[in-house]
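**Q** Here is a sequence with its predicted model. Questions after.
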Amino acid sequence: MTIIDGKKVSAQVKEQVAEETKQLKAKGITPGLAVILVGDDPASRVYVNNKKKACELVGFNSVEYALPATTTQEELLSLVDELNNRKDINGILCQLPLPNGLDDAAVIEAISLLKDVDAFHKQNVGRIMLGDYDFLPCTPAGIMEMLHAYDISVDGKKCVVIGRSNIVGKPMAMLLLHENGTVTICHSHTKNLSEITREADILVAAIGKAKFVTADMVKDGAVVIDVGMNRDENNKLCGDVDFENVKDKCSFITPVPGGVGPMTIATLMKNTLKAAKLQNSIK
Ligand code: NAP
């Protein structure tokens, strides 16, 4: 059994981004990422801080907009519009979910397609379906990069994704399909879930329920990817997979923390670098 080291792979990705950033800076271009946080959700605050730290590490400029939960839709859209027009900002992301009363979809759609480094805009989502895209959503793309780093081939494998969110589950299934996996998507209405997951050569859990995937749900030798970020009964960070009891059945497994999470941020850095290049017509 191998524990996939997301921290190590993400460090390699960020090193590569930092190297390319140096070359861009020599041409007078410094990639810039704007992160919008509305309200004071503590988990979102941690994610935003991690994104900021990663920007510093790779040499990007980052600007954070911490807005009160009372921000109106008009104010938010006007900020997005301003950032769309700023030359020094190449990527814009708005931390989701937004507080009640604000429309997530409208804000995402207001972001310029070329600055949509989360790849959540519906036109970018459509392009992912077609396999013709500039940006891939950070979590699924980070997972694919981790699989590649460990030489885990998807081709011809039975892949099961638990979760069908627009951010993780659906695009994850699509990326596995693009690499010739035979993909099944499960969700809260799926009947006989364990029977399906036990067939999986590659099992991706993106549910949001602590230790939901137990050993009896996993086939011997499976690759298990845990996207979940939950708190257990002792308020300790844990995934959707019961890691301690599942790990010995797996050929590969990702830990939480230190698995998918760091890869998500590394991919955001890659996307922002790409956005800076696209906006400056650099290949
Ligand atoms: P989400 O939007 O809440 O989606 C959860 C999915 O799980 C839904 O499709 C839901 O089915 C399904 N589900 C819930 N209970 C189920 C059950 N009993 N059996 C089968 N399926 C079930 O969550 P998300 O945004 O995809 O995030 C999932 C987890 O990943 C969360 O813990 C989140 O914090 C974490 N996350 C981590 C990263 C990272 O970088 N590590 C990034 C994003 C998210 P229905 O559609 O039928 O409701």
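**A** Right, received. Where do you want to start?

**Q** what does this structure have sitting close to the ligand?
**A** For the chain, the residues in contact with the ligand (C-beta under 6 Å from any ligand atom) are 139, 162-165, 167-169, 186-190, 193, 206-209, 227-230, 260-261, 264. Any C-beta I mention is one placed from the backbone N, CA and C, and that applies to glycine too.

**Q** Select only the buried ones of the residues you listed in PyMOL?
**A** With 16 or more other C-beta atoms under 10 Å as the burial test, the buried ones among these are selected in PyMOL as follows:
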select buried, resi 139+162+163+164+167+168+169+186+193+206+207+227+228+229+230+260+261+264
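
**Q** Which ones among the residues of the chain next to the ligand lie within strands?
**A** Cross-referencing these against strands under DSSP state E gives 162, 186, 230.

**Q** and the last one, what does it touch?
**A** Put plainly, it is N230. 208-211, 237-240 (C-beta atoms under 8 Å, 6 or more residues apart in numbering).

**Q** Buried by neighbour count, from these: which ones?
**A** 210-211, 238-240.

**Q** Read off the pLDDT value for the nearest residue to G169 once chain neighbours are set aside.
**A** Among residues not flanking G169 along the chain, G163 sits closest, at 3.6 Å (C-beta to C-beta, 6 or more residues apart in numbering). On the pLDDT scale, G163 is placed at 98.

**Q** correct me, but G163 touches L203?
**A** No: applying C-beta atoms under 8 Å as the test, G163 and L203 come out as separate, 11.3 Å apart.

**Q** State the mean pLDDT of stretch 231-248.
**A** 96.

**Q** swap that for stretch 34-49, sorry
**A** Averaging pLDDT along stretch 34-49 gives 93.

**Q** quick one, domains of this structure?
**A** As assigned by automatic domain parsing, the chain contains the domains 28-114, 138-261.

**Q** most packed of those?
**A** domain 138-261 (a mean of 19; mean count of other C-beta atoms under 10 Å).

**Q** and it, how far out from the chain's middle?
**A** 14 Å (C-alpha atoms, centre = their mean, to the nearest Å).

**Q** All the strands of the stretch 101-250 of the chain, in order from the start?
**A** Using DSSP state E, counting those that start in this stretch, the strands of the stretch 101-250 of the chain run over 158-162, 182-186, 202-205, 222-226, 230-231, 237-238, 250-253.

**Q** Determine the set of other helices and strands touching the last one.
**A** Contacting strand 250-253 under the criterion 3 or more C-beta pairs under 8 Å, 6 or more residues apart in numbering; DSSP states H and E are the following elements: strand 2-3, strand 222-226.

**Q** Which of those sits closest to A215?
**A** strand 222-226 (10.5 Å; C-beta to C-beta).

**Q** The closest one - what's its average pLDDT?
**A** Per-residue scores along strand 222-226 average to 99.

**Q** Pairing partners for it, with directions?
**A** Partner strands and pairing direction for strand 222-226 (DSSP bridges) are strand 202-205 (parallel), strand 250-253 (parallel).

**Q** what residues does the last one touch?
**A** By C-beta under 8 Å, 6+ apart, the list of residues contacting strand 250-253 from outside reads 1-4, 150, 152, 218, 221-226, 241, 243, 246-247.

**Q** can you check stretch 41-61 too?
**A** 14, 17-18, 21-22, 25, 30-33, 35, 37, 62, 64, 66, 88, 93, 95, 229, 265-266, 268-269, 272-273.

**Q** Now do the end-to-end distance for stretch 23-43.
**A** 34 Å (C-alpha to C-alpha, to the nearest Å).
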